[in-house]
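Visitor: heads up, no residue letters with this:
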C-alpha cells in the first residue's frame, strides 16, 4: 500500500473506534483499521535490527523542527549520510546555515523553511507531515509542548485521533523482542476511554514491528489484579475489550506483576550476562504520566536502550529527550524511518 499526497493523504490509525476516520466526508478507502496491517512483517527483535532495516530502501522525507543546534544538525547529517532520510529543515535559516558550517554539513541540496516563532516552527513541520510532504517529523531545539499542541490541532482539523500518546521502546539484553512503555509523555492522568486509545496505539505499533499478537501488562500501584489500574475496574475493562477483539490480536495478561506469571525460581534466575527473558510482555501500560516518565528514563541506570515516538494519523513524530546525544537521536530517527515505511508499504 502506498500513501497518496496532497489533499487525499492516507490516514493511519490503530483500529475500529480508536481510529480517526469514523465519520464525516472521509471516504471508506481512508478508514484503515488494524486488519489492513495484519499481514506479517519481519519481526524486529532489537535496535540493531532496526538500524539495519533503516539503511535499506529509499530514504524517507523528514521534517526537522528547530534543528539550529549542533547536536541536532549533526543528527540530521549522519541520518542523511546513512541513507535514512531526505531532510527538510524548519527554523531560522541564518542560524541553521551557521551551525551547519560548524558540523561540516553541506546544505546546498537541503530545503529550508524560514520560521522564527517556535509555534510557527512546530506548525510548519507538522503541517508538512499532515499534508503528505514529509513522511516523519522530528523535534529539535524546541519545547515539546509546542509540538504536541500542533499535532493535536492538526488531528482535530481532519477529525483524527482524539488523543495522542508517546511510546518508549526498550531494547532489553536477554529479551528476544522489543518492549514498549506507554504513555510516557502526554496524558497526565488518563481515564478509561483515553487508556483504550493509548493501549490500541501501542498494540498497533508493536504489530507494525512484527509482533502479530502482542502481550500486554497493565501496571498499577495495587498488588492484586482486582484492585484495578489507577481507577477501579480499568484494568479488568481493558482486558474485556482486548478479549472482545477491540484492539485486534493481542493478550492483556491477568496479572499485577511478573511474579504472578512465571514460577518464582524462573524469575529469579535472570541475573548475569547469559540471562534469558523471553517471557517479558511486549507492552507495559502505565497508570499515569509520572509513572511512565520515570520508568522510561531508567535507561540511565539500567542496561537497556531507549527510543521513543508519537504516532499520528499521518505518520510518526520523533520526540528526543533533552539529554539525548546525537548518537541516540540517530537511533530514534531509524525507528521512525522503519515505522513510516511499514505504514506506507514502502520497501523494505
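Guide: In hand now; what should we look at? If you're wondering where the values come from, they're calculated on a predicted model, not measured in any experiment.
Visitor: so where do the helices sit in the stretch 1-150 of the chain?
Guide: 47-54, 70-81, 93-102, 118-130, 144-157 (DSSP state H, counting those that start in this stretch).
Visitor: need those in a markdown table with distance to residue 298, mean neighbour count and mean pLDDT, can you?
Guide: For glycine as for every other residue, the C-beta is placed from the backbone atoms N, C-alpha and C. Output for these, formatted as a markdown table (distance: least, C-beta to C-beta, whole Å; neighbours: other C-beta atoms under 10 Å; pLDDT from 0 to 100):
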| stretch | distance to residue 298 | mean neighbour count | mean pLDDT |
| --- | --- | --- | --- |
| helix 47-54 | 17 | 19 | 96 |
| helix 70-81 | 22 | 22 | 95 |
| helix 93-102 | 32 | 16 | 95 |
| helix 118-130 | 28 | 23 | 97 |
| helix 144-157 | 19 | 18 | 96 |
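Visitor: what residue ranges in the stretch 201-348 of the chain score low on pLDDT?
Guide: 221-233, 261-278, 346-348 (pLDDT under 70).
Visitor: dump the helices of the stretch 1-150 of the chain to CSV, plus distance to residue 198.
Guide: Formatted as CSV, the helices of the stretch 1-150 of the chain follow (distance: least, C-beta to C-beta, whole Å):
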stretch, distance to residue 198
helix 47-54, 22
helix 70-81, 28
helix 93-102, 35
helix 118-130, 20
helix 144-157, 14
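Visitor: tell me the SS of the most centrally placed residue in the chain?
Guide: Centroid check for the chain by C-alpha atoms, centre = their mean gives residue 309 as the closest residue, at 2.9 Å. Following DSSP: H, G, I helix; E, B strand; the rest coil, we place residue 309 in the strand state.
Visitor: tell me how far it lies from residue 70.
Guide: Residue 309 sits at a distance of 23 Å from residue 70 (criterion: C-beta to C-beta, to the nearest Å).
Visitor: what does residue 316 give?
Guide: In this view, residue 316 and residue 70 are 24 Å apart by C-beta to C-beta.
Visitor: go on, residue 326?
Guide: For residue 326, the distance to residue 70 - C-beta to C-beta - is 8 Å.
Visitor: rewinding a little: nearest to residue 255 among the helices of the stretch 1-150 of the chain would be which one?
Guide: Proximity to residue 255, assessed across the helices of the stretch 1-150 of the chain by C-beta to C-beta, is greatest for helix 47-54 (27.2 Å).
Visitor: for the closest one, packing partners?
Guide: Packing partners of helix 47-54 (3 or more C-beta pairs under 8 Å, 6 or more residues apart in numbering; DSSP states H and E): helix 326-344.
Visitor: may I see the buried residues of the helix it packs on?
Guide: Residues of helix 326-344 classed as buried by neighbour count (16 or more other C-beta atoms under 10 Å): 326, 328-344.
Visitor: between helix 47-54 and it, find me the angle.
Guide: Per axes from the mean of the first three to the mean of the last three C-alpha atoms, to 10 degrees, the angle that helix 326-344 makes with helix 47-54 is 60 degrees.
Visitor: helix 326-344 packs against which elements?
Guide: Judged by 3+ C-beta pairs under 8 Å, 6+ apart, helix 326-344 is in contact with helix 47-54, strand 60-65, helix 70-81, strand 136-139, helix 192-208, strand 305-312, strand 315-318.
Visitor: residue 148 is nearest to which of these?
Guide: Residue 148 lies closest to strand 305-312 among the helices and strands packed on helix 326-344, at 7.9 Å (C-beta to C-beta).
Visitor: so that closest one versus helix 326-344, what angle?
Guide: Interaxial angle of strand 305-312 relative to helix 326-344 (the same axes, to 10 degrees): 40 degrees.
Visitor: now strand 305-312 against helix 118-130, angle please.
Guide: Put simply, strand 305-312 runs at 80 degrees to helix 118-130, going by the same axes, to 10 degrees.
Visitor: give me the helices and strands touching strand 305-312, please.
Guide: Judged by 3+ C-beta pairs under 8 Å, 6+ apart, strand 305-312 is in contact with helix 118-130, helix 144-157, strand 166-171, helix 192-208, strand 315-318, helix 326-344.
Visitor: let's have these in TSV, adding distance to residue 180.
Guide: Below are the helices and strands packed on strand 305-312 laid out as TSV (distance: least, C-beta to C-beta, whole Å):
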stretch	distance to residue 180
helix 118-130	21
helix 144-157	19
strand 166-171	5
helix 192-208	5
strand 315-318	13
helix 326-344	11
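Visitor: of all the ones you listed, which lies closest to residue 44?
Guide: Once these are compared by C-beta to C-beta, helix 326-344 is nearest, at 7.2 Å.
Visitor: chain center to the closest one: distance?
Guide: Computed by C-alpha atoms, centre = their mean, to the nearest Å, the chain-centroid distance of helix 326-344 equals 9 Å.
Visitor: likewise stretch 125-144?
Guide: Chain-centre distance of stretch 125-144: 14 Å, with C-alpha atoms, centre = their mean.
Visitor: again, but for stretch 89-104
Guide: Mean-position distance between stretch 89-104 and its chain equals 27 Å (C-alpha atoms, centre = their mean).
Visitor: and if you look at stretch 54-70?
Guide: Per C-alpha atoms, centre = their mean, the centroid offset for stretch 54-70 relative to its chain is 16 Å.
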